[in-house]
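>>> please work out how this folds:
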Amino acid sequence: MRKWLHWSHERLGARRPTAMRKLARSHWKILIAILLAIALATLTLETDSAAPAADLSVRLRTHVGAIASQEHNTATPRALEQAARHIEATLEGYGYRLRRQDYEAGGQKVRNIEVSVSNTAPGAKPERIFIVGAHYDSARGASGANRSGNDGGSGTAAVLELARLLKTMQPSRGTEVKFVFFVNEETPSHLANAMGDEVGSMQHARDLKKNGHNVEEALILETIGWYSQARNSQKLPPGLEQHYPSTGNFIAFVGTLESSALVRQALAAFKAQSDLPTEGLAAPAHVMGVTLSDHSSYNRQGYPALMITDTAFLRYPYYHTAEDTPDKLDYASMARVVKGLARTMESLAGAATT
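Model prediction:
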């Protein structure tokens with residue numbers, strides 16, 4: 001019996017028609033093609049799902065490199081102008097119409113830059129305004145890749161990308177969302193004059209107040225580019241040590257007591273959209289760091305405002321130094337912040353995307 005089976009196998013193999021052998025080979029080819037197609041489809045899906053985050057990280061890195069690779073302020077007017085032009089060219093590339101607010105500071109002609117998304121009747125004043133802002137100048141002696149408030153670094157890059165991501169947003173009726181890039185936050189008179197006339201955000205806030213605009217919320221992006229998983233990488237203002245983490249891996253929403261409702265609202269909206277560790281603080285103005293940004297300009301005009309920050313000098317070791325360069329920043333975490341803020345703004349402005 002065993003011999004017969006062996007013989008039968010040999011005979012069938014020897015006598016199998018050529019057409020049958022070709023058919024068997026074609027079946028294998030089809031099976032291999034199907035398996036390759038499935039593998040390629042799986043790889044494509046995985047790549048597509050990762051692409052948006054990777055693309056955003058690259059875009060953020062490009063903006064920071066273009067704006068913050070050298071010192072740029074009124075002491076270096078050519079570099080400051082280059083930063084402004086990058087911002088303007090980028091926004092025009094997104095399809096926005098620019099609004100410039102020119103004024104004199106430090107013996108130089110400088111400007112704030114603004115674009116907006118609006119759902120108002122033609123010629124009508126917005127019933128409410130939301131502001132998303134950052135400053136694009138750097139401190140004296142520092143390139144400003146990350147330093148407090150976007151010296152043309154992390155904050156400015158984030159607002160540029162928020163303007164891109166929210167270009168098709170339709171806010172609730174009567175609402176306007178302004179994306180604003182301030183100049184001269186790092187003026188030497190910043191602290192001495194309590195955000196005086198030379199500071200771009202003060203110019204902007206005063207203009208809004210003068211024209212009777214209702215600013216419902218102003219969200220100012222500070223440094224957002226430095227994160228650490230190391231223990232004790234986060235310093236804290238005196239008295240707050242027991243209330244906040246000592247690991248510097250979170251983004252913070254910070255405002256004065258007068259803006260506490262906004263802090264709670266924005267923090268809740270962000271947490272609903274992002275799994276990035278997040279903390280909130282509404283504290284008296286005398287608490288270290290609470291007022292050290294452009295949000296103070298809006299507070300001084302009676303508008304609710306807060307800053308969004310990685311806590312700057314309480315965490316970032318290169319704060320206000322020549323070592324504050326674009327290569328130091330965590331662009332993947334920055335991208336997570338930007339994506340969360342885009343959804344947060346849609347929520348706060350009652351928006352529907354198209």
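>>> now do the strands in the protein.
Taking DSSP state E, the strands of the chain run over residues 99-105, 108-119, 128-135, 169-170, 175-182, 215-221, 251-256, 278-283, 305-309, 352-353.
>>> put the alpha carbons of stretch 62-79 into CSV.
Output in CSV follows, covering the C-alpha atoms of stretch 62-79 (Å, rounded to 0.1, in the frame of the first residue of the first chain):
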residue,chain,number,x,y,z
THR,A,62,11.0,75.0,11.0
HIS,A,63,9.3,78.1,12.4
VAL,A,64,11.5,78.2,15.5
GLY,A,65,14.6,77.8,13.3
ALA,A,66,13.5,80.6,11.0
ILE,A,67,12.6,83.0,13.8
ALA,A,68,14.8,82.2,16.8
SER,A,69,18.2,81.2,15.6
GLN,A,70,19.7,84.6,16.5
GLU,A,71,19.0,87.5,18.8
HIS,A,72,16.1,89.6,17.4
ASN,A,73,14.9,92.8,19.1
THR,A,74,15.1,96.5,18.7
ALA,A,75,18.9,96.3,19.4
THR,A,76,19.1,94.0,16.3
PRO,A,77,16.5,95.5,14.0
ARG,A,78,17.5,93.5,10.9
ALA,A,79,17.0,90.2,12.7
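>>> I'd say P304 and S259 touch.
Yes. P304 lies in contact with S259 (CB atoms under 8 Å); the separation is 4.7 Å. For every residue, glycine as well, the C-beta is placed using N, CA and C.
>>> rewinding a little: got the strands of the chain as CSV, with distance to V290, mean neighbour count and mean pLDDT columns?
Shown next, in CSV, are the strands of the chain (distance: least, CB to CB, whole Å; neighbours: other CB atoms under 10 Å; pLDDT from 0 to 100):
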stretch, distance to V290, mean neighbour count, mean pLDDT
strand 99-105, 25, 14, 94
strand 108-119, 24, 20, 96
strand 128-135, 17, 26, 97
strand 169-170, 30, 18, 96
strand 175-182, 19, 25, 98
strand 215-221, 13, 25, 96
strand 251-256, 6, 26, 96
strand 278-283, 5, 19, 95
strand 305-309, 9, 29, 96
strand 352-353, 33, 12, 59
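>>> closest to A322 out of the ones you listed?
Closest approach to A322 among these is made by strand 128-135 (19.1 Å; CB to CB).
>>> quick one: low-confidence parts of the stretch 1-150 of the chain?
1-54, 141-150 (pLDDT under 70).
>>> so what's the residue count around S233?
16 (other CB atoms under 10 Å).
>>> can you check S296 too?
Per other CB under 10 Å, the neighbour tally for S296 reads 24.
>>> do you know how far it is from E88?
S296 sits 26 Å away from E88, going by CB to CB, to the nearest Å.
>>> mind listing what G106 touches?
Residues near G106 by CB atoms under 8 Å, 6 or more residues apart in numbering: N73, T74, A75, N184, T187, E198.
>>> got the contact list for the first one?
Just to be clear, that refers to N73. Applying CB under 8 Å, 6+ apart, the residues near N73 are A79, L80, G106, D137, S138, A139, R140, N184, E186, T187.
>>> quick one: which of those residues is most hemmed in?
Per-residue neighbour counts (other CB under 10 Å) across the contacts of N73 peak at D137, which has 32 neighbours.
>>> was I right to think that residue contacts E198?
No. Look at D137 against E198 with CB under 8 Å: they stay out of range, at 10.9 Å.
>>> do I have it right that F250 meets L276?
Yes. Checked against CB under 8 Å, the pair F250 and L276 is within contact range at 7.4 Å.
>>> returning to what we had before: between P304 and S259, point out the one with more neighbours.
S259 (25 against 22).
>>> related to what we said a few turns ago, if we take the contacts of G106, which one ends up nearest to V117?
Among the contacts of G106, and counting by CB to CB, the member closest to V117 is N184, at 25.4 Å.
>>> pLDDT score for the closest one?
Note for N184: predicted pLDDT of 85.
>>> circling back: could I get the strands of the chain as TSV with distance to D327?
Shown next, in TSV, are the strands of the chain (distance: least, CB to CB, whole Å):
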stretch	distance to D327
strand 99-105	30
strand 108-119	26
strand 128-135	20
strand 169-170	32
strand 175-182	23
strand 215-221	20
strand 251-256	21
strand 278-283	26
strand 305-309	21
strand 352-353	34
